[in-house]
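# could you look at this predicted model? Sequence included:
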Amino acid sequence: MTTTEPTILDEQLNRFGLWSAVFFIATLAISLFLPLDVPGGYAAENVDRVEWLNENRGMFILGWINQIVAMLSLSGVFFGVAWHITKKNPLRAILSSLVILLSVVAFIIPKFIAVWTIPQLATVVATGEVGANMADQLLVLLNVSIPFSLYTSFDYLGFWLYAVFGLLVAGPLYSDDMSSKVAAVTAGVFGIAFHGVLAAVMLLALESADIETSFMSVSTLLLILVVAMLIRFRGRLGRNDNAVHLGGQ
């Protein structure tokens, strides 16, 4: 009895996807204990934000570093998804990989600003150092809670690219095993729902105060996708291990 030996690349990408899923779930749990903005951030005055940022500088930076790790981990899961559809639809696999690369660029810009720029702006405003007036204006532009700020525009761009990714991979990802079905349906529903909320914003059918809640509610579907893919990655690794074992007999 002979069995085709699994490729090293397949094993590496499945293991990479598996650990990316584990790291994403861990960072998601950690995020529950780390603040990302002043309480009531949407309605908070800039002076209150400055005071809060200076009092909670360390926790704020840790919170956004955790967000960077979470984003990179989720991107790792998505690259694993793209690898899983290469045999069924290699063109979509390539396109979806490019979309995820673009999303990493879109997300890393505001998150690095949160870690590097925003704490410094708050310090300069509070101490009245040279450039305090400019820092105060920039802090308003880089508000992390208001959905129409320069900062959040990059974040929503990243999520939109996730939605495009979901639509690209949903069809080819669907297969016989349950984890693939759940992942594929969830990816498709996320892509459609996100574009639905986006259309509501464009048509002024959604109030600014409700934008974040609506988008974040839709984005919870990504957790289901990650869990389903974690099961699929683990299953593929198990089959590869069995193939190696049988092939060595």
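Structure received. Residues are numbered from 1 along each chain as shown.
# helices or strands next to the longest helix along the chain in the packing?
Using DSSP state H, we find that the single longest helix of the chain is helix 90-127. On a contact count with 3 or more CB pairs under 8 Å, 6 or more residues apart in numbering; DSSP states H and E, helix 90-127 meets helix 46-55, helix 57-84, helix 132-141, helix 150-173. Heads up, the C-betas are built off the backbone N, CA and C, glycines and all.
# buried residues in the helix or strand containing residue 185?
Applying DSSP states H and E as the criterion places residue 185 in helix 178-202. Across helix 178-202, burial judged by 16 or more other CB atoms under 10 Å covers 179-180, 182-191, 193-195, 197-198, 201.
# pLDDT averaged over stretch 188-197 - what is it?
When pLDDT is averaged over stretch 188-197, the result is 97.
# list the contacts for the most centrally placed residue in the chain?
Closest to where the C-alpha atoms of the chain average out (CA atoms, centre = their mean) is residue 71, at 4.1 Å. Residue 71 makes contacts with 104, 107, 108, 111, 158, as judged by CB atoms under 8 Å, 6 or more residues apart in numbering.
# if we use 6 Å, what do you get?
By CB atoms under 6 Å, 6 or more residues apart in numbering, the contact set of residue 71 is residue 107.
# identify whichever of the helices and strands packed on helix 90-127 lies nearest to residue 21.
Residue 21 lies closest to helix 57-84 among these, at 5.1 Å (CB to CB).
# now do that closest one and helix 178-202, the angle between them.
With axes from the mean of the first three to the mean of the last three CA atoms, to 10 degrees defining the directions, helix 57-84 sits at 120 degrees from helix 178-202.
# centre of the chain to helix 57-84, how far?
Distance, stretch centre to chain centre, for helix 57-84: 6 Å (CA atoms, centre = their mean, to the nearest Å).
# quick one: average pLDDT of stretch 20-37?
96.
# chain center to it, what's the gap?
The chain centre lies 11 Å from the centre of stretch 20-37; the measure is CA atoms, centre = their mean.
# that one: which residues count as buried?
20, 21, 23, 24, 25, 27, 28, 31, 34, 37.
# rewinding a little: got JSON lines for the helices and strands packed on helix 90-127, with mean pLDDT and distance to residue 233 too?
Converted to JSON lines, those look like this (pLDDT from 0 to 100; distance: least, CB to CB, whole Å):
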{"stretch": "helix 46-55", "mean pLDDT": "94", "distance to residue 233": "39"}
{"stretch": "helix 57-84", "mean pLDDT": "97", "distance to residue 233": "6"}
{"stretch": "helix 132-141", "mean pLDDT": "92", "distance to residue 233": "40"}
{"stretch": "helix 150-173", "mean pLDDT": "95", "distance to residue 233": "13"}
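# so can I have CSV of those helices showing distance to residue 225?
Formatted as CSV, the helices and strands packed on helix 90-127 follow (distance: least, CB to CB, whole Å):
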stretch, distance to residue 225
helix 46-55, 33
helix 57-84, 8
helix 132-141, 33
helix 150-173, 8
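# tell me which of those sits nearest to residue 91.
Nearest of the helices and strands packed on helix 90-127 (CB to CB): helix 150-173, 9.5 Å.
# contact partners of the closest one?
81, 85, 88-89, 92, 95-96, 99-100, 102-103, 106-107, 109-110, 141-142, 144, 180, 183-184, 187-188, 190-191, 194-195.
# that one: which residues count as buried?
For helix 150-173, the neighbour count (16+ other CB under 10 Å) marks 151-152, 154-170, 172-173 as buried.
# quick one: that helix to helix 57-84, angle?
Here the directions of helix 150-173 and helix 57-84 differ by 30 degrees (the same axes, to 10 degrees).
# got the contact list for stretch 121-136?
Residues from elsewhere that reach stretch 121-136 (CB under 6 Å, 6+ apart): 50, 53, 54, 138, 139.
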